[in-house]
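[1] Everything below, folded, please.
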Amino acid sequence: MKKTLLILALAMVSFANAQKGTVLVGGNIGYSSTTRDLQTGKDKNSQFNFSPRVGYQFNDNWTVGGEFTVGSSKSELEGTTESKLNDFKAGAFLRYSVPLSEIFSVFADLGAGFQNRKNTINSAVGDSESKADGIYASITPALFINMKKGFGLNFSIGGLGYETLSYENDGPDVKSLYFNFGQTFSIGVSKNF
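    Here you go, the predicted structure:
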């Protein structure tokens, strides 16, 4: 019994020490496409986003790093209107994680940074373009499952966030506060080196 407890204690200590002083690389990628047949023609929508992040785990529980997101979406109503939306976000994140076992950890990410949006609409009536800049901040709780040697999956089901966008040429100023805990689902991949 004493040997088993000693082995378990050493395994937990080696697991904790393997995380400190490592580099965390991870992120999410997503794509969706929808086509609907309407009486006026086909309605096509597609979305793509890519959100990598790199951080340094300076403590067994704390990681700090940088993140960015590139996203684009396109909507087209056959023969009448085409809309394109491009998003870019760049910022920093701070993560606090608590290992529950060798396999499971829970963590919370606090992220903040700059964002940019460009929307282009082409229609039979005319073309228009709008650009906006702003900031964002979010808190996202998540679960990490260690698959093998620091490589794992991150599961998130929403969080709390705030963002602003100020449109050019006397456009509107948009401020959003959202709480979408339990309304969204995200799976990401990460690896500690």
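[2] The host helix or strand of Ser166 - contacts with which helices or strands?
    If you go by DSSP states H and E, Ser166 is part of strand 160-167. Using 3 or more CB pairs under 8 Å, 6 or more residues apart in numbering; DSSP states H and E, the elements in contact with strand 160-167 are strand 104-123, strand 127-148, strand 173-179. Any C-beta I mention is one placed from the backbone N, CA and C, and that applies to glycine too.
[3] Neighbouring strands of that strand in the sheet, and parallel or not?
    The pairing partners recorded for strand 160-167 under DSSP bridges are strand 127-148 (antiparallel), strand 173-179 (antiparallel).
[4] on that earlier part again, can you tell me which of the helices and strands packed on strand 160-167 is nearest to Ser97?
    strand 104-123 (3.6 Å; CB to CB).
[5] So in terms of bridging, what pairs with the residue nearest in space to the middle of the chain?
    Among the residues of the chain, Ser51 comes closest to the average C-alpha position under CA atoms, centre = their mean, at 5.5 Å. In this entry, Ser51 is beta-bridged to Asn28, by DSSP bridges.
[6] before we move on, what about Gly71?
    Asn49, Asp87.
[7] which stretches of this structure aren't confidently modelled?
    1-19, 40 (pLDDT under 70).
[8] returning to what we had before: give me whichever of the strands paired with strand 160-167 is most buried.
    Stretch with highest mean neighbour count among those: strand 127-148 (a mean of 15; mean count of other CB atoms under 10 Å).
[9] What's the first helix or strand after that strand?
    strand 151-156.
[10] tell me the angle of that following strand relative to strand 104-123?
    Here the directions of strand 151-156 and strand 104-123 differ by 70 degrees (axes from the mean of the first three to the mean of the last three CA atoms, to 10 degrees).
[11] Tabulate the helices and strands packed on strand 160-167 (TSV), appending distance to Ser83.
    Below are those laid out as TSV (distance: least, CB to CB, whole Å):
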stretch	distance to Ser83
strand 104-123	5
strand 127-148	10
strand 173-179	17
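[12] between those strands, which one is nearest to Thr81?
    strand 104-123 (4.4 Å).
[13] So which other helices or strands are in contact with that closest one?
    strand 62-77, strand 81-99, strand 127-148, strand 160-167.
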